[in-house]
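Asker: Predicted structure and sequence below. I'll ask about it afterward.
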Amino acid sequence: MISNHRPRQAKLNIGLVVGLALSVLTACAFGPIGGGATWSAEELAVLRSLSLDALGPLPPDLSNRMADDPVAAALGERIFFDTRFSGNGAVSCASCHMPELHFTDGRPFGVGMGVIPLNAMSLVGASYSPWQTWDGKNDSQWAQALIPLENPLEHGGNRTRFVHIVAEHYAAEYEAIFGGLPDLADKQRFPLNAGPVDNVSAAIAWENMAPDDRDAVNRVFANIGKALAAYERTLLPKPARFDRYVASLDDNGRVQGEPILSADEIAGLRIFIDKGNCLNCHNGPRFTNDSFHNTAVPGAPGYPLQRGRIDGVMRVQRDIFNCLGAYSDAPPEACVELRFMVTEGDTLLGGMKTPTLRNVAETAPYMHTGQFATLADVVEHYNGGGYTVQGHNELEPLGLTEEEAQQLEAFLYTLTEE
C-alpha cells in the first residue's frame, strides 16, 4: 500500500509544479490574477501621459484679456443660464449644454428655437483646444459663443437685441469689467433688433446703422462672448477611475493596493493603447488630439452631408471675431494657430474634430450628428473600417474579436469622472 501510494503523490506534485509554472508565466505576460497588471516602461509612460496628472494649466487666451477674470466668469455664468438671450425668451446656452450631462444634452441634434442638425459637444475641458465646434470654425471659445446667439435655429436673436439686454439687466456688472456701454437711448441709431442675420428686417436695420455704431455694438457683443468664455474656462475635467488606476502604478508598472480596474477593463486599456489604434486620435490627458479626421462616419439620414473641416477653415478665416480681427485682444504674432493652420489636404473634406473621451459613457449619442446611440455601436464602426462618400477615409479595420470589442468598451466606462 505504501509503495503504491508514493508514486501517485509524486505525480501529483509534478502536476502542481507545472500548474504553478504556467500561472507564473501567465502573470508575467498578462499581469497578476484579480484585475492587476504589469506594464512595461514604455506602456507606463503612455498611461501616465493619458492621466489628468499630466494635464498642464490652461493655456492663456491672449485674444480675451478677461479670460481668467473671476468677475467676468461670474457674469458669463449668469448669461449662460439666462433665457432672455434668445429670440423667444426660452433658450439659453444650458439648453444644449446641460451641467448634469457633462455640458451635453443627450440628444442626437441640439434643440433651440429649431433643430440644429449637429450633436452638442461637451464643454468640459474645451478651453484647452485651439479650435471649437466639430469643424473648427472658431479659434476661441468667445468667438464660438457668439455663433449660436444669432443662429435662427439656436438662440435666434441679433446683436443689438443682446446689447440692449446687457444694458437693461447687466449694466453695472458689464461696466465694472469692460468699461462703459454706449448710450443706447436713441433707437434710431441703436434699433432693438438689428444684426447681420437671416431675418430680413434685422439685417436691413443693421445695414442702415452708422459704421461707428455697428462697431460699438460689435464690441459689446464680443465682450458677451468673452464673459461666456471666462465661465467656460472653469469647466475642467475631473479625475476618473482610470486616473486613480494610473496613480496606483509604481515605477515598475505594478499596481499598489487594492485593484481599481477589472481584468476586462485592463484588457480593454491594452487594446486602446495598442491594437485598437485609438491613440492615433485620442491621446493626451483629455483623450483628444484636437485635430480633424475623416473616419467614414455615415451622415444623418435626411440631412445633407457635413463637409467638415474644409468649411470650418473658410469660416474661421472670414470671421471678424477671429484672433486676427479687430475685436481680439491678441497681438497678431500671438495668433499662431490661425496664421499657420492647415488649409488644404486629404483630411479637410469630411474631417471632424476629435472629441474628448472624458465622460464618454455618459454623453451619448455619439459623432457629429449623433449617428451612433451606444459605445458598442461606435466600437463596431471603428472595428469594421467603414466606407466614406466624401474625402479620404483614414480608418482601417481593427480586426477585434467580439470579446476584445467588449473589453475596449468596458475600458471607456473607466473615464467617467468620480
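Answerer: Yep, that arrived. What you see is a predicted model; the values in this text were computed from it and never measured.
Asker: Please count neighbours and contacts with C-alpha atoms only from this point.
Answerer: Noted.
Asker: Spell out the secondary structure type for D186.
Answerer: The three-state label given to D186 by DSSP: H, G, I helix; E, B strand; the rest coil is coil.
Asker: For it, give its distance to D213.
Answerer: D186 sits 11 Å away from D213, going by C-alpha to C-alpha, to the nearest Å.
Asker: so which helix or strand takes in the closest residue to D198 other than its chain neighbours?
Answerer: Nearest non-adjacent residue to D198, counting by C-alpha to C-alpha, 6 or more residues apart in numbering: P152, 7.3 Å away. If you go by DSSP states H and E, P152 is not part of any helix or strand.
Asker: quick one, strands of the chain?
Answerer: 110-111, 115-116, 292-293, 352-353 (DSSP state E).
Asker: Can you pull the poorly scored residue ranges out of this structure?
Answerer: 1-36 (pLDDT under 70).
Asker: Which parts of it are helices?
Answerer: In the chain, the segments counted as helices under DSSP state H are 2-30, 41-50, 70-80, 141-150, 159-169, 171-178, 200-208, 211-232, 241-247, 263-273, 309-318, 336-339, 375-384, 402-412.
Asker: and those helices as a markdown table, adding mean neighbour count?
Answerer: Formatted as a markdown table, those follow (neighbours: other C-alpha atoms under 10 Å):
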| stretch | mean neighbour count |
| --- | --- |
| helix 2-30 | 12 |
| helix 41-50 | 16 |
| helix 70-80 | 20 |
| helix 141-150 | 23 |
| helix 159-169 | 20 |
| helix 171-178 | 15 |
| helix 200-208 | 16 |
| helix 211-232 | 22 |
| helix 241-247 | 20 |
| helix 263-273 | 21 |
| helix 309-318 | 20 |
| helix 336-339 | 14 |
| helix 375-384 | 18 |
| helix 402-412 | 20 |
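Asker: Adding distance to N193, write those out as JSON lines.
Answerer: Shown next, in JSON lines, are those (distance: least, C-alpha to C-alpha, whole Å):
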{"stretch": "helix 2-30", "distance to N193": "66"}
{"stretch": "helix 41-50", "distance to N193": "48"}
{"stretch": "helix 70-80", "distance to N193": "19"}
{"stretch": "helix 141-150", "distance to N193": "11"}
{"stretch": "helix 159-169", "distance to N193": "5"}
{"stretch": "helix 171-178", "distance to N193": "19"}
{"stretch": "helix 200-208", "distance to N193": "5"}
{"stretch": "helix 211-232", "distance to N193": "12"}
{"stretch": "helix 241-247", "distance to N193": "49"}
{"stretch": "helix 263-273", "distance to N193": "51"}
{"stretch": "helix 309-318", "distance to N193": "24"}
{"stretch": "helix 336-339", "distance to N193": "32"}
{"stretch": "helix 375-384", "distance to N193": "44"}
{"stretch": "helix 402-412", "distance to N193": "47"}
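Asker: Out of these, which is closest to D329?
Answerer: Of all these, it is helix 211-232 that lies closest to D329, at 10.4 Å by C-alpha to C-alpha.
Asker: list the helices and strands the closest one packs on?
Answerer: Under the contact criterion of 3 or more C-alpha pairs under 8 Å, 6 or more residues apart in numbering; DSSP states H and E, helix 211-232 touches helix 70-80, helix 141-150, helix 159-169.
Asker: any chance of the ones you listed in JSON lines, plus distance to L58?
Answerer: What follows is the helices and strands packed on helix 211-232, written out as JSON lines (distance: least, C-alpha to C-alpha, whole Å):
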{"stretch": "helix 70-80", "distance to L58": "14"}
{"stretch": "helix 141-150", "distance to L58": "13"}
{"stretch": "helix 159-169", "distance to L58": "28"}
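Asker: closest one to G268 among these?
Answerer: Comparison of the helices and strands packed on helix 211-232 against G268 by C-alpha to C-alpha identifies helix 141-150 as nearest, at 33.6 Å.
Asker: picking that back up, the helices of the chain: which one's closest to F287?
Answerer: Closest of these to F287 is helix 41-50, at 6.8 Å (criterion: C-alpha to C-alpha).
Asker: What are the contacting residues of that closest one?
Answerer: If you take C-alpha atoms under 8 Å, 6 or more residues apart in numbering as the criterion, helix 41-50 is touched by A54, V246, D251, N252, G253, I273, N283, G284, P285, R286, F287.
Asker: Can I get it as PDB, trimmed to CA atoms?
Answerer: The C-alpha trace of helix 41-50 is given here as PDB (Å, rounded to 0.1, in the frame of the first residue of the first chain):
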ATOM      1  CA  ALA A  41       8.300  51.100 -19.100                       C
ATOM      2  CA  GLU A  42       7.000  52.200 -22.500                       C
ATOM      3  CA  GLU A  43       3.400  51.400 -21.700                       C
ATOM      4  CA  LEU A  44       3.700  53.000 -18.300                       C
ATOM      5  CA  ALA A  45       4.900  56.200 -19.900                       C
ATOM      6  CA  VAL A  46       1.800  56.200 -22.300                       C
ATOM      7  CA  LEU A  47      -0.600  55.600 -19.400                       C
ATOM      8  CA  ARG A  48       0.900  58.500 -17.400                       C
ATOM      9  CA  SER A  49       0.600  60.700 -20.500                       C
ATOM     10  CA  LEU A  50      -3.200  60.000 -20.500                       C
END
